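# build me a model from this:
(chains A and B)
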Amino acid sequence: SQTIHQWPATLVQPVGSPLSLECTVEGTSNPNLYWYRQAAGRGLQLLFYSVGIGQISSEVPQNLSASRPQDRQFILSSKKLLLSDSGFYLCAWSVRGGVRQPQHFGDGTRLSIL
Amino acid sequence: AQSVTQLGSHVSVSEGALVLLRCNYSSSVPPYLFWYVQYPNQGLQLLLKYTSAATLVKGINGFEAEFKKSETSFHLTKPSAHMRDAAEYFCAVSGGGNKLVFGAGTILRVKS
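Purely as a prediction, here's the structure:
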């Protein structure tokens, strides 16, 4: 069966520090991969998605970037964190190739910026 | 463009009562619809999905949803609420381009 792993589960970082969140998927090949953010009271915001290695689509211009160095690995990064980057970050995957496919989510990373 | 509206950001029911969470969608193409549940500090878990087969869809944990094209609705129901159903629920529609469009979410509170 397929599983998705995100780490760390929680992270406290100072303003201006760098960020790297990692997500890996097991048990499937060529997945679509997604990064979302949930800020308090603001629902789910799609940040990036990827349909293949090195292929990244950005949904919202911001202080973050994403990379996909391997088929089942998706990384969210920042060079300098802002207070507004606080939130709950979720990684998700779906089977490639169809609008019928649901997305499957990891357990998330709670990021607090001090 | 596709969109989802969830009516009621908070819903409160008594334990054992009917749960009804409302979702209306807008889509220019035949929609594929999903309901997810999120418990505190966890990711979203798929409850059920509609992909143009039966209009009444049964999911996990006793939930079901009915697709009504004439009403552009996909409401989530459960006959009898349990305390463990307290969570946030999200409706989503396929947005094209491998993406989902999510509603703002409904927080379900279950009173003992």
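
# who in chain A is up against chain B?
Within chain A, the positions lying close to chain B (C-beta under 8 Å from any C-beta of the partner chain) are A:6, A:32, A:34, A:43-44, A:46, A:49, A:51, A:88, A:90, A:92, A:94, A:96, A:99-100, A:102-108, A:110. Bear in mind the C-beta positions are built from the backbone N, C-alpha and C, glycine included.

# got a list of what B:Leu48 touches?
By C-beta atoms under 8 Å, 6 or more residues apart in numbering or on different chains, B:Leu48 lies in contact with B:Phe34, B:Trp35, B:Val57, B:Lys58, B:Gly59, B:Ile60, B:Phe63, B:Glu64, B:Ala65, B:Leu76.

# in the sheet, who's paired with the spatially most central residue of chain A?
To find the centre residue of chain A, average its C-alpha atoms and take the closest one (C-alpha atoms, centre = their mean): that gives A:Trp35, at 2.8 Å. According to DSSP bridges, the partner residues bridging A:Trp35 are A:Phe48, A:Cys91.

# report the beta-bridge partner residues of A:Leu19.
Following DSSP bridges, A:Leu19 is listed with bridge partners A:Ser78.

# residues near it, how many?
Residues near A:Leu19, counting by other C-beta atoms under 10 Å in any protein chain shown, number 21.

# and it, what does it touch?
Listed by C-beta under 8 Å, 6+ apart, the contact set of A:Leu19 reads A:Leu11, A:Gln13, A:Leu64, A:Leu76, A:Ser77, A:Ser78, A:Leu81, A:Asp85, A:Leu111.

# buried subset of these?
A:Leu11, A:Gln13, A:Leu64, A:Leu76, A:Ser78, A:Leu81, A:Asp85, A:Leu111 (16 or more other C-beta atoms under 10 Å in any protein chain shown).

# what's the helix or strand for the first one?
Of the helices and strands defined by DSSP states H and E, A:Leu11 is found in strand A:10-13.

# what strands line up against that strand, and which way round?
Using DSSP bridges, the strands paired with strand A:10-13 are strand A:109-113 (parallel).

# quick one: mean pLDDT for the partner strand?
If you average the pLDDT over strand A:109-113, you get 96.

# now A:Thr10, nearest residue through space, not along the chain?
The spatial neighbour of A:Thr10 that comes closest, neighbours along the chain excluded (C-beta to C-beta, 6 or more residues apart in numbering or on different chains), is A:Arg110 at 4.6 Å.

# separation between that neighbour and A:Val25?
Going from A:Arg110 to A:Val25 by C-beta to C-beta, to the nearest Å gives 21 Å.

# repeat for B:Gln2
Applying C-beta to C-beta, one obtains 25 Å for the distance of B:Gln2 from A:Val25.

# if we can go back for a sec, from the residues of chain A next to chain B, which land in strands?
A:6, A:32, A:34, A:44, A:46, A:49, A:51, A:88, A:90, A:92, A:94, A:104-105, A:110 (DSSP state E).

# which of those residues sits closest to chain B?
Distance from chain B was checked for each of these by C-beta to the nearest C-beta. The minimum falls on A:Phe105, at 3.6 Å.

# contacting residues around the closest residue to that closest one other than its chain neighbours?
Taking C-beta to C-beta, 6+ apart as the measure, A:Phe105 lies nearest to B:Gly43, with 3.6 Å between them; neighbours along the chain are not counted. Going by C-beta under 8 Å, 6+ apart, B:Gly43 touches A:Gln6, A:Leu90, A:Ala92, A:Phe105, A:Gly106, A:Asp107, A:Gly108.
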